[in-house]
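1. Here is the input, now give the coordinates:
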Amino acid sequence: MQYEILIAGFGGQGTLYAGQVLAYGGMDEGKHVTWLPSYGPEMRGGTANCTVVISEDEIGSPTSLHPTAVIAMNLPSLDKYEPMVKSGGWLIVNEDLVNRVPDRKDINIVMVPANTIAREIGNERAANMVLLGALEANLQILPEGAIERSLEANTGEKLKKFVHLNVEALRRGAEYKL
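-> Residues are numbered from 1 along each chain as shown. Presented below is the predicted three-dimensional model:
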């Protein structure tokens, strides 16, 4: 099975980091993985997205015209990428930063109050991990606990103090399983 995931939002929301965490989790599990970032020149506030492809077999392209799943961290990302999700695919939406319900009827839609949950656990910047937790709970791309193990194994010493918070964010996001 091949999963193509697009994670999109504003720069500073952790879109690229969420993709890296997912990609490292796949690599740690022995999967074929690509991670392709795309971002504007702004440090914060510009657009940022990445595509992660995880597969049992070799990967032909690191891009995807119709991803298996999209994590939309804000309204502009929802507007841009909702039409691209393949039929039967998944759309994980940060409902705290959108003012509409997605229109598609042929996909699975998971609305998650990611910023609210991240604030509740102590750091609003963990909203990306909340959404990643919801994605993983619904798609089960990797074996249970793989992303948590990846966080522990692949986080640099300077940021190790945030691993526990990120694991808690993943677990809270996983509560949004359909």
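
2. wait, what's in contact with residue 20?
-> Taking Cβ atoms under 8 Å, 6 or more residues apart in numbering, we find residue 20 in contact with 35, 50, 154. Placement of C-beta: from N, CA and C, glycine included.

3. which of those tops the neighbour count?
-> Among the contacts of residue 20, the one with the most neighbours (other Cβ atoms under 10 Å) is residue 50, at 24 neighbours.

4. you'd agree that one is up against residue 13?
-> No: the criterion here is Cβ atoms under 8 Å, and residue 50 misses it with residue 13 at 11.6 Å.

5. what helix or strand does the residue most central in space within the chain sit in?
-> What sits nearest the mean C-alpha location of the chain, by Cα atoms, centre = their mean, is residue 132, with 4.1 Å. Using DSSP states H and E, the element containing residue 132 is helix 127-139.

6. Report all helices and strands that that helix contacts.
-> strand 2-10, helix 15-28, strand 69-72, strand 90-94, strand 108-112, helix 114-121, helix 146-154, helix 163-174 (3 or more Cβ pairs under 8 Å, 6 or more residues apart in numbering; DSSP states H and E).

7. which of those is buried the deepest?
-> strand 69-72 (a mean of 28; mean count of other Cβ atoms under 10 Å).

8. State the mean pLDDT of it.
-> For strand 69-72, mean pLDDT rounds to 98.

9. residues making contact with whichever helix or strand comes after it?
-> Per DSSP H and E, the first helix or strand lying C-terminal to strand 69-72 is helix 75-81. Helix 75-81 has contacts (Cβ under 8 Å, 6+ apart) with 6, 8-10, 47, 49, 67, 70, 72, 91, 93, 97-100, 102.

10. so where is the protein shaky, pLDDT-wise?
-> The model of the chain has pLDDT under 70 over residues 41-45.
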